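K.L.:
please find the sequence and the predicted model below.
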Amino acid sequence: MMPLRRFTIHQPQSLTEACEMLAQHGENGRLYAGGTELLLAMKHNLLRYEHLVDVKVLPGLNQIEINDSHLVIGTTVTHRALEKSALVRERLPFFAEMESHVANVRVRATGTLGGNLCFAEPHSDPATLLLALGARVRVQGKTANRTIAMSDFLVGPYETCLAADEILTAVEIPLPDKTVRAAYLKFQIHERPTLGLGLVMETEDSGRAIKAARAVVGSVSLTPTRSDQADALLAGPKAQVEKQLRDAAEALADQADLVDDLEGGADYKRHLIGVFLKRAFHKALSAQ
Ligand SMILES: Cc1cc2nc3c(=O)[nH]c(=O)nc-3n(C[C@H](O)[C@H](O)[C@H](O)COP(=O)(O)OP(=O)(O)OC[C@H]3O[C@@H](n4cnc5c(N)ncnc54)[C@H](O)[C@@H]3O)c2cc1C
């Protein structure tokens, strides 16, 4: 590993000042949260910045709260805090469970949800589940704020729609009502997941039918993927949907641009999607 090049850490007093610092330093500056991705990439000389703007010192960005019908998670909340949060465990137990399997405890204790999403690494567990949940992110820039759907936020591998002066401040997750059943499953052999699969279903008739569903598969391609065709096949009476699971998995695999890499070949990943969609379906419906 190469020695780190010199850089300066700036500690802004406010979000506005942080945005101004980012605008001022342009390509020489970058926001810095837990540093678990950024510092590693800088140590390997894959990324070079002379100025890092520390977002963790800003007050109010590490809160988890309920706001109207959403769970709102501040950008600097760590994976570990999400895994342990009584509020998240009560209102979105499958989200807390997903967080408990992100990386290892050292990375979870330092790495933030915002850092995970903004780095847009293709093997992100939270990005996959948040897409299935129809989440949005709040963003602040030097001159304006905006709210962006997760589906628009992730543009490509290691790429989001954030402008250079913009900071992700929070993630908003719609709180599901009692008819919603959800599950997130992952399969992993190396350091990052080989596959992550999130499934969210609105049920009726005490779970005997699925009114609407959204399945998202991540890590098997460069960005998490969903498919209208798969989601349509996942709706209907439970017995009928069970028979359509294989077709739904095929539709999802067709939509994902499956990549051959060190995690496995595209055919293998197609097979995994079939296995894990079926498991997620049964796990979600058996959850209370
Ligand atoms: C060994 C290892 C294993 C891992 N395994 C998994 C895994 O199984 N599943 C998984 O999902 N992830 C995994 N990860 C990724 C991990 O979740 C991320 O490293 C972590 O969440 C990043 O957060 P951070 O606060 O450290 O980000 P940083 O490294 O501080 O920042 C990452 C990037 O995001 C930008 N950024 C940070 N915060 C903001 C913000 N608020 N607004 C705008 N830009 C921002 C930074 O400028 C930087 O470009 C793993 C990482 C490691 C090192």
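P.N.:
That came through fine.
K.L.:
check whether residue 210 sits in a helix, strand or coil.
P.N.:
Classification of residue 210 into helix, strand or coil gives strand, according to DSSP: H, G, I helix; E, B strand; the rest coil.
K.L.:
meant to ask about residue 203, not that
P.N.:
The three-state label given to residue 203 by three-state DSSP is strand.
K.L.:
for it, name its beta-bridge partners.
P.N.:
Under the criterion DSSP bridges, residue 203 forms beta bridges with residue 210.
K.L.:
with adjacent residues omitted, what lies nearest to whatever residue of the chain ends up closest to the ligand?
P.N.:
Closest approach of the chain to the ligand (Cβ to the nearest ligand atom) occurs at residue 115, with a separation of 2.1 Å. Heads up, the C-betas are built off the backbone N, CA and C, glycines and all. Taking Cβ to Cβ, 6 or more residues apart in numbering as the measure, residue 115 lies nearest to residue 33, with 4.1 Å between them; neighbours along the chain are not counted.
K.L.:
isn't that neighbour right up against residue 78?
P.N.:
No. Under the criterion of Cβ atoms under 8 Å, residue 33 lies out of contact with residue 78, with a separation of 9.1 Å.
K.L.:
returning to that earlier point: before we move on, which element is the residue of the chain closest to the ligand in?
P.N.:
Using DSSP states H and E, residue 115 maps to helix 113-119.
K.L.:
show me what that helix is packed against.
P.N.:
Using 3 or more Cβ pairs under 8 Å, 6 or more residues apart in numbering; DSSP states H and E as the contact definition, the elements that helix 113-119 packs against are helix 79-84, helix 125-132, strand 167-174.
K.L.:
re the thing from before, quick check, pLDDT for the residue nearest to residue 115.
P.N.:
Residue 33 is assigned 98 on the pLDDT scale.
K.L.:
again, but for residue 2
P.N.:
64.
K.L.:
and residue 26, how many neighbours does it have?
P.N.:
Applying the criterion other Cβ atoms under 10 Å, we find 10 residues in the vicinity of residue 26.
K.L.:
oops, could you answer that again for residue 86 instead?
P.N.:
Residue 86 has 9 nearby residues by other Cβ under 10 Å.
K.L.:
residue 222: neighbour count?
P.N.:
16.
K.L.:
you'd agree it is up against residue 123?
P.N.:
No. No contact is recorded between residue 222 and residue 123 when judged using Cβ under 8 Å, the distance being 10.2 Å.
K.L.:
by contact count, what packs against the top helix by length along the chain?
P.N.:
Assignment by DSSP state H gives helix 266-286 as the longest helix of the chain. With contacts defined as 3+ Cβ pairs under 8 Å, 6+ apart, the packing partners of helix 266-286 are strand 180-187, strand 195-204, strand 209-218, helix 238-255.
K.L.:
would you list the phi and psi of the closest residue in space to residue 152 that isn't next to it in sequence?
P.N.:
When the adjacent residues along the chain are set aside, residue 152 lies closest to residue 161, with 6.1 Å between them (Cβ to Cβ, 6+ apart). Backbone torsions of residue 161, given as degrees, to the nearest 10, read phi -90, psi 10.
K.L.:
over to the one 4 residues further on?
P.N.:
Here the main-chain torsion angles of residue 165 (degrees, to the nearest 10) amount to phi -100, psi 10.
K.L.:
now do residue 95
P.N.:
The phi and psi torsions at residue 95 (degrees, to the nearest 10) take the values phi -70, psi -40.
K.L.:
can you tell me, leaving aside adjacent residues, what's nearest to it?
P.N.:
residue 88 (5.8 Å).
K.L.:
contacts only, for the one you found.
P.N.:
With contact taken as Cβ atoms under 8 Å, 6 or more residues apart in numbering, residue 88 is in contact with 64, 71, 73, 82, 95, 96, 99.
K.L.:
isn't the first one up against residue 75?
P.N.:
No. Shown here, residue 64 and residue 75 do not form a contact pair, counting by Cβ under 8 Å, at 11.4 Å.
K.L.:
the two: who's more crowded?
P.N.:
The residue with more neighbours, out of residue 64 and residue 75, is residue 75; 26 against 19, by other Cβ under 10 Å.
K.L.:
pretty sure the more buried one sits against residue 168.
P.N.:
Yes. The pair formed by residue 75 and residue 168 meets the contact definition of Cβ under 8 Å, at 5.1 Å.
K.L.:
buried deepest among the helices and strands packed on helix 113-119, which one?
P.N.:
For the helices and strands packed on helix 113-119, average neighbour numbers computed from mean count of other Cβ atoms under 10 Å are highest in helix 125-132, which has a mean of 27.
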